[in-house]
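>>> Next input, structure requested:
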Amino acid sequence: MIMICIWIVICFAAYFTYDKVMFYIIAGFVGLVMGGIQSLSRASYSMLIPEKDHDTTSYFSFYDVVYKSAIVGGTFIFGLVDNSTNNMRYSVLTLAFLFILGFYFMSKTHIAKASNQQLKSF
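Predicted coordinates:
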């Protein structure tokens, strides 16, 4: 959840960036959170997989398809907003909105409860 908040802040900061120094500072923050988001999302997803199901490869295959579709969809939406408004700043705000949607859906998912149920099943 913290990583999504950092991405939201990065998107809003990118919207208000007008000089090179601020751009490089934001790029540094992007570099800090880019690698961590994938490993955290895989770890969080693995907590949601039922413990009794031993065929975890199908779950991660589904995860991979959704991940690749999100990359294509996010890039398409970014380009669509940029092309229709001729302003890349609005595209960055659109990404912030998508991260806010992700934050909302993650808040509705009870990952801690799912991991506690897995621990109790041992």
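>>> can you pull the contacts of the nearest residue to residue 102 once chain neighbours are set aside?
With sequence-adjacent residues excluded and distances taken as C-beta to C-beta, 6 or more residues apart in numbering, residue 102 is closest to residue 4, at 5.7 Å. Any C-beta I mention is one placed from the backbone N, CA and C, and that applies to glycine too. Neighbouring residues of residue 4 by C-beta atoms under 8 Å, 6 or more residues apart in numbering: 99, 102-103, 106.
>>> let's see 10 Å
For residue 4, the contacting residues are 33, 37, 40-41, 99-104, 106-107, taking C-beta atoms under 10 Å, 6 or more residues apart in numbering as the criterion.
>>> Tell me the secondary structure of residue 53, please.
Classification of residue 53 by DSSP: H, G, I helix; E, B strand; the rest coil places it in coil.
>>> Leaving out sequence neighbours, find the closest residue to it.
With C-beta to C-beta, 6+ apart as the measure, residue 59 is the residue that lies nearest to residue 53, at 7.7 Å, once sequence neighbours are left out.
>>> Kindly provide the distance from the residue nearest to residue 102 to residue 48.
16 Å (C-beta to C-beta, to the nearest Å).
>>> follow-up on the earlier one: any idea of the mean pLDDT for the helix or strand where the residue nearest to residue 102 lies?
Secondary structure assignment for residue 4, by DSSP states H and E: helix 2-15. Averaging pLDDT along helix 2-15 gives 92.
>>> Mind listing what's buried along that helix?
Residues of helix 2-15 classed as buried under the neighbour-count rule (16 or more other C-beta atoms under 10 Å) are 3-4, 6-8, 10-11, 13-14.
>>> Of the residues you listed, just say which sits nearest to residue 54.
Each of these was checked against residue 54 using C-beta to C-beta; the closest is residue 3, at 29.6 Å.
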